[in-house]
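Student: take a look and give me a structure for this.
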Amino acid sequence: MRTVRIQEYGGPEVLKVVEAEVPEPGPGQVSIDVAYAGVNFADLKARAEGYRVTSLPFVPGLEVSGRIRAVGADVTGFVVGQEVAALTDGGAYADVAVADAATVFTLPDGVDLRTGATLPTVLPTAHALLHEVGRLREGETVLVQGAAGGIGTVAGQLAKAAGAGAVYGVVSGAAKAEYALKHGYDEVFVGWGSPLLERSRELGGGWPDGVRQATGGRGVDLALDPVGGDTFRRSLEALAVFGRLVSFGNASSAEPWRVGQPELYPGGRSVAGFSILLLARTAPAVLREVAERAFGTVVDGTVTIPVTEEFPLSGAAEAHRLMGSRTSTGKLLLRVADQVR
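Tutor: Residues are numbered from 1 along each chain as shown. Next up is the predicted model:
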């Protein structure tokens, strides 16, 4: 079978398509004939920095859709040929992937394999950030960093559907602002040097000033940050009294954030964290509950997850270049199987 493997850390060029033996599922696992694999920023960090890589060579990829190929010992509820989506612990950039049965999900009725590949990471993460961790209440205001990315696209729609009073986004450029405004955001703040758009702002002080002006100086009730570093600190400063900040990544590769009494006590603010990969490892039953609730929002039409770019398996490096350029929006996929619906 084909697989995309890295032998050393580096740029997209280290992603090489090679032949490998077909993996067999162990106890509690299934193997999947992959139709599509999702491309996530964590894959770029794995390739470039060794994020969550235990040893080389390594096959990236955290989510797939496809059909069950084989079922390991002690697995129930899955049969060969069944259409599924799965969260994997790496190895998704391949013709066949292995996943723990605890993180494999039967595709809901009406959801095809292409859409299914967008579900495992983005949808449960956005749902958990807003509801299970962020505890969003009707009428509250929300600020989302990376509003035009896969999670940002979903978070804007979910927040609006939950009755948020206003949903604000932060993006790196004007084209991304235009995209985010179509997916639940009331206003989008862009970086310095970007042209103004309707319902987007560029201000001398950057997005923090925009948030303060948009909220009349009050700040937001809930902020979601996948960036870390200065962005994390500014998001904390943008909170209203009793506001909550949820960190769910460190795309900036900055030093891990630290907060204490001086930052939290004056306004009664709080900070929480979330990682779907760690939840899958520590509480897979809870992840399944969150995922089932989240998947229902696609079935009932509350959320759409646009696939904005699709690449063949041999185009994994090109997909990484696009995502790394910070110009991509929505969800990127690798189309692995030749014939899929």
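Student: Glu140 contacts Gly219, correct?
Tutor: No. Using C-beta atoms under 8 Å, Glu140 is not in contact with Gly219; the gap is 11.2 Å. All C-beta atoms are positioned from the backbone trio N, CA, C, and that covers glycine.
Student: pairing partners for the lengthiest strand in the chain, with directions?
Tutor: Secondary structure of the chain per DSSP state E: the longest strand is strand 29-39. For strand 29-39, the paired strands and their directions (DSSP bridges) read strand 63-71 (antiparallel), strand 96-100 (antiparallel), strand 331-335 (antiparallel).
Student: show me how far the helix or strand following the first one is from its chain's centre.
Tutor: Put plainly, it is strand 63-71. Using DSSP states H and E, the helix or strand that follows strand 63-71 in sequence is strand 83-87. Computed by C-alpha atoms, centre = their mean, to the nearest Å, the chain-centroid distance of strand 83-87 equals 16 Å.
Student: separation between Val220 and Leu239?
Tutor: 6 Å (C-beta to C-beta, to the nearest Å).
Student: could you do Phe78 as well?
Tutor: Distance from Phe78 to Leu239, by C-beta to C-beta: 43 Å.
Student: in a markdown table: the strands paired with strand 29-39, plus distance to Glu21 and mean neighbour count.
Tutor: Shown next, in a markdown table, are the strands paired with strand 29-39 (distance: least, C-beta to C-beta, whole Å; neighbours: other C-beta atoms under 10 Å):
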| stretch | distance to Glu21 | mean neighbour count |
| --- | --- | --- |
| strand 63-71 | 14 | 24 |
| strand 96-100 | 10 | 24 |
| strand 331-335 | 20 | 23 |
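Student: could you say which one of these comes nearest to Tyr185?
Tutor: Tyr185 lies closest to strand 331-335 among the strands paired with strand 29-39, at 16.9 Å (C-beta to C-beta).
Student: what mean pLDDT does that closest one get?
Tutor: For strand 331-335, mean pLDDT rounds to 97.
Student: and stretch 187-204, by the same measure?
Tutor: 54.
Student: returning to that earlier point: of Phe78 and Leu239, which one has the most company?
Tutor: Leu239 (25 against 17; other C-beta atoms under 10 Å).
Student: that one: what's it in contact with?
Tutor: By C-beta atoms under 8 Å, 6 or more residues apart in numbering, the contact list for Leu239 reads 219-221, 223, 245, 267, 269.
Student: most neighbours among the residues you listed, which one?
Tutor: Neighbour counts for the contacts of Leu239, by other C-beta under 10 Å, peak at Ala223, which reaches 31 neighbours.
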